[in-house]
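Chemist: sequence and computational prediction follow.
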Amino acid sequence: MGRFHRHDDGTTHEHADEQSHGHDEPSGSAVHPPDHGQARGPSKGRELGDHSGYRTGGERIDVLERIFDENDRTADANRSDFAEHGVCTINLMSSPGAGKTTLLRETLLRISGTARMGIIEGDIETSLDADRLAGLGAEITLINTGNGFGGECHLDAPMVRSAVKRLPLDDLDVVLIENVGNLVCPAEFDVGEHARAMIYSITEGEEKPLKYPVMFRSVDLVVINKIDLLPHLDFDLGLFRANLRQINPHVATIEVSARTGDGVDEWCRWITDTWTGATASLAGHPAHR
């Protein structure tokens, strides 16, 4: 069984002789995302990786294609609903413990008077993070993914669609999606968002963009969190930025401390600027006329 690739036109083929194509990645190498700025999802240049370790290689790639195709159709439906109601949606991703919920609390304290906010909160189990955001002026709906196989490690478009139905979109300007903490799978699934941001904590190490390039390559903004810990850590911020530029040369960055509030106003300005830009584009959308 050779390596499978999926091309821009959605076709797949198997490489019977891997070496003849110059591939030297190990078996099980990560799925590569499409170029940033193009439509996301497997139908736009996704490589499905080396499945030579699976006896069901051909069937496996068919299943993956069906999963991603269904997800992309639902993501388009989500996008249409957001456009119809003039809502800007931002997919917020990170590893567990990077500080998404703490940053969201500080965000709502600052921005809820400016924009009408909605939160889609994704967690494998519990309502702990959703509870922390309650009472801060946002409409909140919770998705627990624990019914999946051991708990789904990401939100996909159908999950988000189920949450959208529980939000009063007519009364909202911005919806922030707090994805499940994971540096791999959330980056692979288009959920119908207008922009993607990730929270990266400096406690995670400088090498993370190199180890998890799919995530770092897929986002519009990297929020560098816990910057207040910099004097206390053996962390090279310059090296992290160099590694990030190697993976995503044009990505924007903001340094913040969600604990002290430093840099949070700049992050809030990025949200409102994204909202303003999305509003201008949504005004011309057929569903919004």
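Modeler: Everything's here; your move.

Chemist: hey, let's count contacts and neighbours off CA atoms from now on
Modeler: OK.

Chemist: in this protein, which spans are helices?
Modeler: 57-85, 100-111, 128-133, 157-164, 208-211, 213-218, 237-247, 264-282 (DSSP state H).

Chemist: what residues sit buried inside the second one?
Modeler: Looking back up the chat, that one is helix 100-111. K100, T101, T102, L103, L104, R105, E106, T107, L108, I111 (16 or more other CA atoms under 10 Å).

Chemist: the first one now?
Modeler: Of the residues in helix 57-85, those buried by neighbour count under the rule 16+ other CA under 10 Å are 57-58, 61, 65, 68-69, 71-85.

Chemist: for the helices of the chain, give me JSON lines that also has distance to I199.
Modeler: Below are these laid out as JSON lines (distance: least, CA to CA, whole Å):
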{"stretch": "helix 57-85", "distance to I199": "23"}
{"stretch": "helix 100-111", "distance to I199": "6"}
{"stretch": "helix 128-133", "distance to I199": "15"}
{"stretch": "helix 157-164", "distance to I199": "20"}
{"stretch": "helix 208-211", "distance to I199": "12"}
{"stretch": "helix 213-218", "distance to I199": "10"}
{"stretch": "helix 237-247", "distance to I199": "13"}
{"stretch": "helix 264-282", "distance to I199": "11"}
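
Chemist: and these: which comes nearest L230?
Modeler: With respect to L230, and counting by CA to CA, the nearest of the helices of the chain is helix 237-247 at 8.4 Å.

Chemist: residues contacting the closest one, please?
Modeler: Residues from elsewhere that reach helix 237-247, judged by CA atoms under 8 Å, 6 or more residues apart in numbering: I202, G205, E206, E207, P209, L210, P213, F216, R217, V251.

Chemist: in JSON lines, list the buried residues of helix 100-111 along with distance to L230 and pLDDT.
Modeler: Below are those laid out as JSON lines (distance: CA to CA, whole Å; pLDDT from 0 to 100):
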{"residue": "K100", "distance to L230": "18", "pLDDT": "96"}
{"residue": "T101", "distance to L230": "21", "pLDDT": "95"}
{"residue": "T102", "distance to L230": "18", "pLDDT": "97"}
{"residue": "L103", "distance to L230": "18", "pLDDT": "97"}
{"residue": "L104", "distance to L230": "21", "pLDDT": "97"}
{"residue": "R105", "distance to L230": "22", "pLDDT": "97"}
{"residue": "E106", "distance to L230": "20", "pLDDT": "97"}
{"residue": "T107", "distance to L230": "22", "pLDDT": "97"}
{"residue": "L108", "distance to L230": "25", "pLDDT": "97"}
{"residue": "I111", "distance to L230": "27", "pLDDT": "94"}
